[in-house]
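Novice: please work out how this folds:
(one chain, ligands or ions: 1)
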Amino acid sequence: MERSFVMIKPDGVRRGLIGKIVTRFEEKGFKIAEARLMTISEELASVHYAHLQSKPFFGEIIEYITSGPVFAMIVEGHEAVRNARTLIGFTNPVEAAAGTIRGDFATIVDYNVIHGSDSVENAEIEIKRFFE
Ligand code: IDP
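Specialist: This next block holds a predicted model:
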C-alpha cells in the first residue's frame, strides 16, 4: 500500500476541523496509519518549506505553520499521494473545487488548512521528517 504524509495546519486545528478532515480521509477509503498532534519548530518548518525559501512570503509561512499545533498523519491507500492531493484540492482555495477540503474549508492561500505530499518520494521523506 502507498503512504502519504498529510498535515492539518494550525488554522485547521484552531478551527476544530480535525474530526471533519479525518472523516473525509476515512470515508474516501484511506487508513490512518499514524497520527500525532505536534508543534513544529522553526527549524523543522524551514526544512519542510525549503523549496519556497526565495519567495517573498517565506517568513509568513514559517510564522503560520509554527503558530500552534498541527495534526500530522500518515495515510495509507491505493495511490495514496495522488488520491490525497485530489481530496485536498488546489493550493489556492479560490481554485480548489467545492467538495475538496481546501474548496470547502478555506478561502485564502495563506491559510489553506492542510498539507499533502506532492510525490511518492517526498511522502517518504516527509514521513521520516515528522514521524521518526
Ligand atoms: P502545496 O501546499 O499545495 O503543495 P506549495 O506550492 O508547496 O503548495 O506551497 C506550500 C504552502 O505555502 C501552501 O500550502 C501555502 O500554505 C503556502 N503558499 C503558497 N503560495 C502562497 C502565497 O502566494 N502566499 C502565501 N502562502 C502561500
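
Novice: around the ligand, pick out the residues from the chain.
Specialist: Residues of the chain lying close to the ligand (CB under 6 Å from any ligand atom) are 52, 57, 61, 91, 109-110, 112, 115, 118. In short, each C-beta sits where N, CA and C put it, glycine included.

Novice: number of residues surrounding the residue in the chain that the ligand sits nearest to?
Specialist: Per CB to the nearest ligand atom, residue 91 is where the chain lies closest to the ligand, at 3.4 Å. Residues lying near residue 91 (other CB atoms under 10 Å) number 14.

Novice: my read is it is in a helix, agree?
Specialist: No: counting by DSSP: H, G, I helix; E, B strand; the rest coil, residue 91 is not part of a helix but coil.

Novice: need the CA coordinates for stretch 102-110. PDB is fine.
Specialist: Only the C-alpha atoms of stretch 102-110 are listed here, as PDB (Å, rounded to 0.1, in the frame of the first residue of the first chain):
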ATOM      1  CA  ARG A 102      -9.500  23.400   0.600                       C
ATOM      2  CA  GLY A 103     -12.500  24.200  -1.500                       C
ATOM      3  CA  ASP A 104     -14.900  23.700   1.400                       C
ATOM      4  CA  PHE A 105     -12.900  24.900   4.400                       C
ATOM      5  CA  ALA A 106     -10.600  27.700   3.200                       C
ATOM      6  CA  THR A 107     -10.800  31.000   1.300                       C
ATOM      7  CA  ILE A 108      -7.200  32.200   1.100                       C
ATOM      8  CA  VAL A 109      -3.900  30.600   0.100                       C
ATOM      9  CA  ASP A 110      -2.100  32.000   3.200                       C
END
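
Novice: just how off-centre is it within its chain?
Specialist: Computed by CA atoms, centre = their mean, to the nearest Å, the chain-centroid distance of stretch 102-110 equals 12 Å.

Novice: one step back: strands - which of the residues of the chain next to the ligand land there?
Specialist: Using DSSP state E, the members of the residues of the chain next to the ligand that fall within strands are residue 115.

Novice: ok, the most centrally placed residue in the chain - contacts?
Specialist: Against the mean C-alpha coordinate of the chain, by CA atoms, centre = their mean, the closest residue is residue 115 at 1.7 Å. Contact partners of residue 115, counting by CB atoms under 8 Å, 6 or more residues apart in numbering, are 5-7, 9.
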